[in-house]
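Engineer: sequence first, then the predicted structure, then my questions.
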Amino acid sequence: MIKKFCAMLAALALSVCVFTGCNNSSSSEADSSSASDSSASSSAADSSSSSDSSDTSSSDSSTASSAADDSSKTVVTAKDPSLTIDGKKMDITNFTMCTIDGTPIDFMTFRYFYFVTLDSFQSEYGADINTLRNVKGGFEGVMTDAVNRAKNLVIYEQWAKENNITLSDDEKKKVEEEYNKMKSSESDFDAQLKNAHLTEDLYKRLLESNALYEKVVNTLFKNDGKYATKKADFKEIVKDTTKYAHETHVMIPYYAEVEIDAETKKTYDSLSLDNKLKAKQNAYAALDNAGKEKAKQAAKARADEVLKKAQAGEDFSKLITENGWDTRLASNNVGYYFSKENTSFPKELVEKTFTLKENEVAKELVENEVYGYFIVKRLAPDTKYIDENIDSLIQIYDQPLQEKMYSEKSNSMEVKTCDNWDKITIDSIT
């Protein structure tokens with residue numbers, strides 16, 4: 001439980017599209033995974049493995065606690081917190097790593113985001129700590145990213161202060177109760193905290209910060225909040241076909257036609273689409289460049305075939321069911337709603353959609369290097385659906401503006417690092 005919650009906390013950093021309810025199960029959501037397979041990066045995926053991981057690159061098995069008498073116990077693999085500069089261990093008790101607009105970021109808080117970043121680099125790019133040693137600028141990138149993640153705490157604190165948003169006594173009590181419940185339900189609470197690079201105090205702070213974050217978002221960016229588009233205005237916007245669109249597609253990724261191994265074939269037909277997708281991805285990842293190119297050509301051939309059927313007027317929903325790999329569309333036939341400025345969908349798909357008339361299918365394939373091929377159809381907006389889902393649709397529509405606000409806020413912040421910052425190496429922080 002701790003690890004899962006810490007992963008969520010970590011995902012808040014650098015994850016602006018959390019504003020728009022990207023984890024909402026509604027088919028209207030427009031995050032990156034909406035137009036892709038379930039393993040594509042989403043708003044909260046940039047560091048989802050951060051606290052769940054006990055990667056040996058950031059831990060030391062020699063310090064592990066003995067759990068021979070209880071195999072269910074969490075083995076402590078994380079090193080004790082320390083900061084070494086020029087061969088000298090620093091006193092980290094009141095050590096400030098940096099200040100962000102005057103807000104001090106102490107060593108333990110920075111350390112948490114540092115290891116979140118390391119785990120993120122490994123999960124996203126396969127770059128462990130040893131890889132980063134040999135990549136020019138790799139360590140510097142980790143440090144920069146850790147600072148940016150720490151900025152997230154300060155940004156929401158500033159927005160809260162600027163708008164007189166505070167946690168009530170009841171809300172603080174709820175946070176305390178949540179913490180106590182977590183602590184009492186986990187027999188290896190201390191071990192889990194340590195492996196997550198947390199202390200009790202820091203964990204409590206992050207819980208409270210998360211509660212404040214949610215209140216800021218709900219107050220400012222949702223449900224007629226200060227920065228949210230008003231419902232009456234939105235209902236006019238959706239009528240403008242140059243600004244707003246309803247879209248659906250058949251997505252055929254590069255790995256769609258790749259051969260899978262004999263063992264997987266035995267159960268393949270009984271798998272969910274999500275698991276079929278993962279099996280295909282794994283098979284594709286194992287190919288050499290020539291094999292991947294062959295798979296891409298096979299996928300294109302399938303996409304060309306589906307495009308011809310769509311152009312001939314075959315039922316588009318049936319084509320999605322029989323050929324599509326978008327897991328969200330597989331479970332509904334609603335499609336997606338977005339504006340021209342939406343940055344969550346592939347740019348090529350958004351641009352093509354706005355060249356089409358309502359109920360028109362694109363005459364050519366749309367290709368994206370991440371997601372593969374799309375057969376795109378623009379739909380007429382469903383006014384009943386829009387009325388029923390207007391709050392979540394507004395959040396999606398407002399996302400680009402909110403991203404801009406976040407970026408401008410982040411970029412304007414003054415960061416001052418500690419005196420020995422330039423002497424910190426990849427081996428300095430444990």
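Structural biologist: Thanks, I have it.
Engineer: hey, C-alpha coordinates of stretch 305-323 in PDB?
Structural biologist: The C-alpha coordinates for stretch 305-323 follow below in PDB (Å, rounded to 0.1, in the frame of the first residue of the first chain):
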ATOM      1  CA  GLU A 305      -6.700  -3.000 -46.100                       C
ATOM      2  CA  VAL A 306      -8.800  -1.600 -43.300                       C
ATOM      3  CA  LEU A 307      -8.700   1.900 -44.800                       C
ATOM      4  CA  LYS A 308     -10.100   0.500 -48.100                       C
ATOM      5  CA  LYS A 309     -13.000  -1.100 -46.200                       C
ATOM      6  CA  ALA A 310     -13.700   2.100 -44.300                       C
ATOM      7  CA  GLN A 311     -13.700   4.100 -47.500                       C
ATOM      8  CA  ALA A 312     -16.100   1.600 -49.000                       C
ATOM      9  CA  GLY A 313     -18.500   2.300 -46.300                       C
ATOM     10  CA  GLU A 314     -18.100  -0.700 -44.100                       C
ATOM     11  CA  ASP A 315     -19.300  -0.300 -40.500                       C
ATOM     12  CA  PHE A 316     -16.600   1.600 -38.700                       C
ATOM     13  CA  SER A 317     -17.400   0.300 -35.300                       C
ATOM     14  CA  LYS A 318     -17.100  -3.300 -36.600                       C
ATOM     15  CA  LEU A 319     -13.700  -2.400 -38.100                       C
ATOM     16  CA  ILE A 320     -12.500  -1.100 -34.700                       C
ATOM     17  CA  THR A 321     -13.700  -4.300 -33.000                       C
ATOM     18  CA  GLU A 322     -12.000  -6.600 -35.600                       C
ATOM     19  CA  ASN A 323      -8.800  -4.700 -36.200                       C
END
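Engineer: and that stretch, how far out from the chain middle?
Structural biologist: Centre-to-centre, stretch 305-323 and its host chain are 31 Å apart (C-alpha atoms, centre = their mean, to the nearest Å).
Engineer: stretch 166-184 - what's its average pLDDT?
Structural biologist: Per-region confidence: stretch 166-184 scores 94 on mean pLDDT.
Engineer: next, the buried residues of it.
Structural biologist: The neighbour-count criterion (16 or more other C-beta atoms under 10 Å) identifies Leu167, Val175, Glu178, Met182 as the buried residues of stretch 166-184. (Glycine included, C-beta is placed from N, CA and C.)
Engineer: CA-only coordinates of it in CSV, if you can.
Structural biologist: Taking C-alpha atoms only, stretch 166-184 is exported to CSV below (Å, rounded to 0.1, in the frame of the first residue of the first chain):
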residue,chain,number,x,y,z
THR,A,166,-5.8,25.9,3.0
LEU,A,167,-6.6,22.6,4.5
SER,A,168,-9.3,22.7,7.1
ASP,A,169,-8.9,21.1,10.5
ASP,A,170,-11.2,18.3,9.3
GLU,A,171,-9.1,17.8,6.1
LYS,A,172,-5.9,17.7,8.2
LYS,A,173,-7.5,15.2,10.5
LYS,A,174,-8.4,13.0,7.5
VAL,A,175,-4.8,13.1,6.4
GLU,A,176,-3.7,12.0,9.9
GLU,A,177,-6.2,9.3,9.9
GLU,A,178,-5.1,8.1,6.5
TYR,A,179,-1.5,8.0,7.8
ASN,A,180,-2.4,6.1,11.0
LYS,A,181,-4.5,3.6,9.0
MET,A,182,-1.6,2.9,6.7
LYS,A,183,0.8,2.6,9.5
SER,A,184,-1.3,0.2,11.5
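Engineer: where does Gln297 fall, helix, sheet strand or coil?
Structural biologist: helix (DSSP: H, G, I helix; E, B strand; the rest coil).
Engineer: that one: neighbour count?
Structural biologist: Look at Gln297: counted by other C-beta atoms under 10 Å, it has 12 neighbours.
Engineer: turn the buried residues of stretch 166-184 into CSV, including secondary structure.
Structural biologist: Formatted as CSV, the buried residues of stretch 166-184 follow (three-state DSSP):
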residue, secondary structure
Leu167, coil
Val175, helix
Glu178, helix
Met182, helix
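Engineer: which of those residues sits closest to Ile396?
Structural biologist: Using C-beta to C-beta, Leu167 comes nearest to Ile396 of these, at 27.3 Å.
Engineer: shouldn't the closest one be in contact with Ala211?
Structural biologist: Yes - counting by C-beta atoms under 8 Å, Ala211 is a contact partner of Leu167 at 5.9 Å.
Engineer: residues that sit against both of these two, list them.
Structural biologist: With contacts defined as C-beta atoms under 8 Å, 6 or more residues apart in numbering, the residues adjacent to both Leu167 and Ala211 are Val175.
Engineer: in the stretch 51-200 of the chain, what spans have low per-residue confidence?
Structural biologist: By pLDDT under 70, the low-scoring segments of the stretch 51-200 of the chain are 51-72.
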